[in-house]
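A.B. asks: curious how this folds, go ahead:
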Amino acid sequence: MSQRALRSLVLAPCLLASMAVATAGCSAASGSGEDVGSTSADVSSSEHTAYSFFVGKGLKGFQAAGIVGNLQQESDVDPTAIEYGGGQGRGIAQWSTGGRWNADHDDNMVWYASVHGLNEWSLTPQLEFIWYELEHDASYGLAELRASGNVTDATLVFQDRFEGCGTCDQSNRIAYAKAVLSAYGGSGGGSGGGGGGGKGCYSDTLAREMPDNACVQSKYDSAWYQCDNGSWADRWTDPAACDGVYPL
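C.D. replies: Prediction:
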């Protein structure tokens, strides 16, 4: 994606909040035991929906948080966002007009929405288009994202491979991602350990918090996922027994 100008002034309070988080002592240690901090930064329902969407696609919690941290920096996860000053950026990922927003062949948001009978300015279609791009173009970094081992690495992969930003404000993206992971993914940077008594998981499919080891069929891809100590895991990779089964 081409370099962007300043983001909308309405995002300034969020930027200031992320700067405060970035100076609040959250470390960026490597490895799956990365400290995600204990920030109380505001995480909106849109961020929650986005996080749940990507976990529902099979990403680990910290990988989903890395995506959402980028989307917060780009747009506050606002599907109606337009780049400040009437620039090219549109939507949650600030896809560029004349390119991935409305022009690239078989790779633009307006085309994708039209083909699927969706509104290009709505959140879920934009999330679905991000996943479409990740799955259909290896250059956007899905393999690298899946191979990442902590929230910082996941954030940087999505920043560099999918967003391709000019002035990235990298520390803000990482701070946002850590706040999302702290709010929804537990305190660890890895995938969690299963076994009863762990943290529950929010299910966007059921619109409620589910207990550890609950097994839910996702409304997004009809696949089964199990709550694994605060993060959704592919049911067939988790050896723990289901604590409740919730089909569509």
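A.B. asks: next, count neighbours for the nearest residue to A103 once chain neighbours are set aside.
C.D. replies: Counting by C-beta to C-beta, 6 or more residues apart in numbering, T97 is the residue found nearest to A103 once chain neighbours are left out, at 7.4 Å. (Glycine included, C-beta is placed from N, CA and C.) The tally of other residues near T97 (other C-beta atoms under 10 Å) stands at 18.
A.B. asks: before we move on, what about the one 10 residues further on?
C.D. replies: Residues contacting D107 under the criterion other C-beta under 10 Å number 17.
A.B. asks: the helices in this protein, which residues?
C.D. replies: 12-22, 45-56, 61-75, 109-115, 123-136, 142-147, 151-157, 170-184 (DSSP state H).
A.B. asks: any idea which of those is most buried?
C.D. replies: helix 61-75 (a mean of 30; mean count of other C-beta atoms under 10 Å).
A.B. asks: can you give me the distance of the closest residue to Q170 other than its chain neighbours to D137?
C.D. replies: Leaving aside its sequence neighbours, Q170 sits nearest to Q159 (C-beta to C-beta, 6+ apart; 6.6 Å). Distance, Q159 to D137, by C-beta to C-beta, to the nearest Å: 16 Å.
A.B. asks: wait, doesn't the residue nearest to Q170 sit right on N70?
C.D. replies: Yes: Q159 sits in contact with N70 when judged by C-beta atoms under 8 Å, with a separation of 5.6 Å.
A.B. asks: now do the shared contacts for those two.
C.D. replies: R173 (C-beta atoms under 8 Å, 6 or more residues apart in numbering).
A.B. asks: lowest average confidence, helix or strand, in the protein?
C.D. replies: helix 12-22 (a mean of 31; mean pLDDT, DSSP states H and E).
A.B. asks: the residue nearest to Q170: what's it in contact with?
C.D. replies: For Q159, counting by C-beta under 8 Å, 6+ apart, the contacting residues are 70, 165, 168, 170, 173.
A.B. asks: tell me the spacing between E128 and G166.
C.D. replies: 26 Å.
A.B. asks: where does pLDDT dip in this protein?
C.D. replies: Within the chain, the stretches with pLDDT under 70 are 1-43, 186-197, 237-239.
A.B. asks: separation between I67 and K199?
C.D. replies: Counting by C-beta to C-beta, the gap from I67 to K199 is 20 Å.
A.B. asks: kindly report the same for E133.
C.D. replies: 31 Å.
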